[in-house]
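K.L.:
everything below, folded, please.
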Amino acid sequence: MMSSIAAFKARIVASADALVPDLIALRRSIHAEPELGLHLPATQRRVVEALAGLGLDITEGRSLTSVTAVLRGGRPGPTVLLRADMDALPITEAVEVPYRSSNGAMHACGHDLHVAGLVGAARVLAEHRADLAGNVILMFQPGEEGHGGAKLMIEEGVLDATDDRPVAAYAIHVGNAPRGVFLTRPGTVTASSTHLRISLEGRGGHGSRPHEALDPVPVAAEIVLALQSYTARRFDSFDPVVISVTNLTAGTGVDNVIPESVELTGTVRTVDPNTLSRIEEELPRLVEGIAAAHGLAARITLDTGYPSVVNDEATARQAMETLRDVFGPRVVEVPRPTMGAEDFSFVSQQVPTTMILLGAAPADDAAPNHSPEAAFDDSVLGDQAAALALLAIDALAAGRR
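P.N.:
Presented below is the predicted three-dimensional model:
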């Protein structure tokens, strides 16, 4: 019996490996024409075309260009869900490759690989449909990069695409870890993401006579530095907190005019919900106090966007065992969460979930995700497709027992 299971899994891997040239071509076509946000018509069209002929029940989104495809196995059983996000980032690509984007957007977070990898899993599962006892929901999602596309797809019914809710949901996210290494853990795997906005109101004036104005620019600089000291000196180093000011807007470009206002925006990342509650209480006092010390008024808002992705303990343990059966020591349990955020968290709030990072670094010094220099080795697509298919197969089998 064990040898037959091993032989079946070997066939799954072989099927995925045979698809690699087609998956690379699909990934590169998506990479060359990246799209932003919730409306990705060209990407949606490519996904639907890539799934054609597989005998899937396909539904396109109403308020966003999502694709929900249901693969029904040869025998009755439970449902599992596999997810890929599809949107790009508003970054001008700096990587010199033949399929480089030229439209000012960039797949700098590897979502093009996510799409191709899930298409590969769909083809593998369709090839072995007769051996499946249950259904697989394939969730192709726009709008992960700050638009909450997963939440919208849930509202439109992706979790109810079959007769029963999924017993498990899986997502694989590529990153600049060593190529072919799978990293995950039970429990919290990503931070929550909270949008930070600070507005400072002073009094404008002439650059040569700052004493007649209330200059908000040095106050903004003081606040930026104070935020870093706040995280470093007010929180336990084993309770990670990241506050990054990523935009600072002031002035009109005229060098002798002191602006009357400054706006700062950025992100707050936490792992513990109690820590976020503390920040929501303390940060306004810090910012308003600094502003008041200089005679300025300050307004601060904190809007939580994505909660943390929390891997279900049993589902994550089973996922690691499934992958280790095939990929051995390339499956690594990481000791702590990443401070990145993911809207797969909305799925993890309703379904037992496992999210996994797959290393796709083309070199040891590969740039991180969200960098204009970010690059990914798309030869991992065979591993990615096989892993997703195997996770679905084992979860269906476990759900039947």
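
K.L.:
could you use CA atoms for every contact and neighbour count after this?
P.N.:
Will do.

K.L.:
burial of Phe235, as a residue count?
P.N.:
Counted with other CA atoms under 10 Å, residues neighbouring Phe235 total 12.

K.L.:
could you pull out the strands for the stretch 201-350 of the chain?
P.N.:
205-206, 241-250, 257-258, 261-270, 297-306, 310-311, 331-333 (DSSP state E, counting those that start in this stretch).

K.L.:
direction included, what does the last one pair up with?
P.N.:
Strand 331-333 has its sheet partners listed here by DSSP bridges as strand 182-184 (parallel).

K.L.:
now do the strand it pairs with: distance to the chain's middle.
P.N.:
15 Å (CA atoms, centre = their mean, to the nearest Å).

K.L.:
OK, contacts around Thr190?
P.N.:
Counting by CA atoms under 8 Å, 6 or more residues apart in numbering, Thr190 touches 271, 308-310, 337-342.

K.L.:
dump these into a markdown table; add neighbour count as well.
P.N.:
Listed next are those as a markdown table, based on neighbours: other CA atoms under 10 Å:
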| residue | neighbour count |
| --- | --- |
| Val271 | 25 |
| Ser308 | 30 |
| Val309 | 27 |
| Val310 | 25 |
| Pro337 | 19 |
| Thr338 | 16 |
| Met339 | 19 |
| Gly340 | 15 |
| Ala341 | 24 |
| Glu342 | 24 |
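
K.L.:
His370: which of those residues is nearest?
P.N.:
For those, the minimum distance to His370 (CA to CA) is 10.9 Å, reached by Gly340.

K.L.:
and the gap between the closest one and Thr43?
P.N.:
Distance from Gly340 to Thr43, counting by CA to CA, to the nearest Å: 24 Å.

K.L.:
what helix or strand is Asn369 on?
P.N.:
Here Asn369, judged by DSSP states H and E, is contained in no helix and no strand.

K.L.:
quick check: it touching Asn176?
P.N.:
Yes: between Asn369 and Asn176 there is a contact at 7.0 Å, judged by CA atoms under 8 Å.

K.L.:
neighbour count: the two, which is higher?
P.N.:
More crowded of Asn369 and Asn176, by other CA under 10 Å: Asn176, with 24 against 17.

K.L.:
which residues touch the more buried one?
P.N.:
Contacts for Asn176 (CA under 8 Å, 6+ apart) come out as 359-362, 366-369, 376.

K.L.:
give me the pLDDT for it.
P.N.:
Looking at Asn176, its pLDDT stands at 93.

K.L.:
buried residues of stretch 227-237, list them for me.
P.N.:
Neighbour-count burial for stretch 227-237 flags 227, 230-231 (criterion: 16 or more other CA atoms under 10 Å).

K.L.:
now stretch 300-309: buried residues?
P.N.:
Residues of stretch 300-309 classed as buried by neighbour count (16+ other CA under 10 Å): 300, 302, 305-309.

K.L.:
point out the least confident one among those residues.
P.N.:
Minimum pLDDT across the buried residues of stretch 300-309 falls on Gly305, with 88.

K.L.:
what sits against it?
P.N.:
Gly305 sits next to 146, 148, 192-195 when contact means CA under 8 Å, 6+ apart.

K.L.:
specify which member of those residues is nearest to Asp87.
P.N.:
Nearest member of the contacts of Gly305 to Asp87, counting by CA to CA, is Gly146, at 10.2 Å.

K.L.:
confirm that closest one sits in a helix?
P.N.:
No: looking at Gly146 with DSSP: H, G, I helix; E, B strand; the rest coil, it is coil, so not inside a helix.

K.L.:
what stretches of this structure score poorly on pLDDT?
P.N.:
Within the chain, the stretches with pLDDT under 70 are 1-3, 400-401.

K.L.:
helices of that one, start to end?
P.N.:
Counting by DSSP state H, one finds helices in the chain at the ranges 2-18, 20-32, 41-51, 111-127, 149-155, 216-234, 273-293, 313-327, 345-348, 381-400.

K.L.:
quick one, domains of this protein?
P.N.:
Taking automatic domain parsing as the reference, the chain has its domains at 2-189+308-400, 192-306.
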